[in-house]
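S.K.: what would the 3D arrangement of this be:
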Amino acid sequence: MAHKFNVKDMHRLDSPERRKMLPPEETLIKAGLKKNDIFIDIGCGIGYFSIPASLIVGSKGKVFALDTSSEMLEELERRIYENKIKNINPILSESYKFPLGPNSGTFALISNVLHEVEDKLSFLMETNRVLLVEGTLFIIEWQKKETERGPPLEDRLSESEIENQLEKTNFKLINSFPIGDFFSAYISKKISR
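M.R.: Next comes the predicted model:
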C-alpha cells in the first residue's frame, strides 16, 4: 500500500522552507500556465498551487481545486476567503472519479500525489478525460533517490515509470526537468486517440 500524506501534517504543506524548495508561482510559469487557462489542481491540498494559479490565469481563467480531503478543502476555502479570490472552485472529489465534465480544463497539475495513488492508470485516464485534447498535464514528483524528507524510496517513481504510465493513458511526455534537489517535473500533452 502506497504511503499517504497525513492530513494532520497540513501545516507542512506551506512553509518558507517548502516555498524555497518548490516555488509555486515560478514553477507554474515555467510549466507554461498562462492567462485565461482553466487549471485543474488534482490533489490541491491547502491550495499551495491553486492560489498562485488563480493569479496567473486571471479573472477570465478558472481554477478547479480537487481533493479527497474535506479538511484540506476547508483550509483552502479559508485562504480563498482571506485573500478575496473569486476564480477558485474547491471540489470534494473521489480518487478515480473527478466531478468535472469531459474536456473541462486546459492545464492539469498533479503535484506529489501520483506516488500515493494505488491505481495509477485509472487515475491518469480520469485526468485525461477532464483535459482538452492538447491540454497540458504537469506532474511534480519526488526524485527517486534517498533524501532526508519525503516518502519512502520504494514509493517514489522513476522518470521511465512515469513516462510508461503517461504513454498508456494517451499523454505524450514533452519535457522533464529537476526542481531543486528533491523534485522532478514532467510536462506532457493529451493526445487524441
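
S.K.: where does the prediction get shaky in this protein?
M.R.: Across the chain, the ranges flagged by pLDDT under 70 are 1-13, 193.

S.K.: got the CA positions of the host helix or strand of Phe39 in CSV?
M.R.: Of the helices and strands defined by DSSP states H and E, Phe39 is found in strand 38-42. Output of strand 38-42 as CSV, limited to C-alpha atoms (Å, rounded to 0.1, in the frame of the first residue of the first chain):
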residue,chain,number,x,y,z
ILE,A,38,-8.7,26.6,-17.0
PHE,A,39,-6.5,25.0,-14.3
ILE,A,40,-7.3,21.7,-12.6
ASP,A,41,-5.3,21.1,-9.4
ILE,A,42,-5.7,17.3,-8.7
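
S.K.: parallel or antiparallel, which strands does it pair with?
M.R.: strand 62-67 (parallel), strand 105-111 (parallel) (DSSP bridges).

S.K.: would JSON lines of the ones you listed with distance to Phe98 and mean neighbour count be doable?
M.R.: C-betas here are computed from N, CA, C, even on glycine. Listed next are these as JSON lines, based on distance: least, CB to CB, whole Å; neighbours: other CB atoms under 10 Å:
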{"stretch": "strand 62-67", "distance to Phe98": "6", "mean neighbour count": "25"}
{"stretch": "strand 105-111", "distance to Phe98": "10", "mean neighbour count": "24"}
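
S.K.: send over the longest helix belonging to the chain as CSV, restricted to the C-alpha atoms.
M.R.: Using DSSP state H, we find that the single longest helix of the chain is helix 70-83. What follows is helix 70-83 as a C-alpha-only set of coordinates in CSV (Å, rounded to 0.1, in the frame of the first residue of the first chain):
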residue,chain,number,x,y,z
SER,A,70,-12.7,17.8,3.3
GLU,A,71,-10.2,19.1,5.9
MET,A,72,-7.8,20.2,3.2
LEU,A,73,-10.6,21.9,1.3
GLU,A,74,-11.8,23.7,4.4
GLU,A,75,-8.4,25.2,4.8
LEU,A,76,-8.3,26.2,1.2
GLU,A,77,-11.7,27.8,1.5
ARG,A,78,-10.4,29.8,4.5
ARG,A,79,-7.5,31.0,2.4
ILE,A,80,-9.8,31.9,-0.6
TYR,A,81,-12.0,34.0,1.7
GLU,A,82,-9.0,35.7,3.4
ASN,A,83,-7.5,36.6,0.0
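
S.K.: show me what that helix is packed up against.
M.R.: helix 50-57, strand 62-67, strand 88-92 (3 or more CB pairs under 8 Å, 6 or more residues apart in numbering; DSSP states H and E).

S.K.: same list (the strands paired with strand 38-42) but as CSV, adding distance to Glu134.
M.R.: Output for the strands paired with strand 38-42, formatted as CSV (distance: least, CB to CB, whole Å):
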stretch, distance to Glu134
strand 62-67, 18
strand 105-111, 9
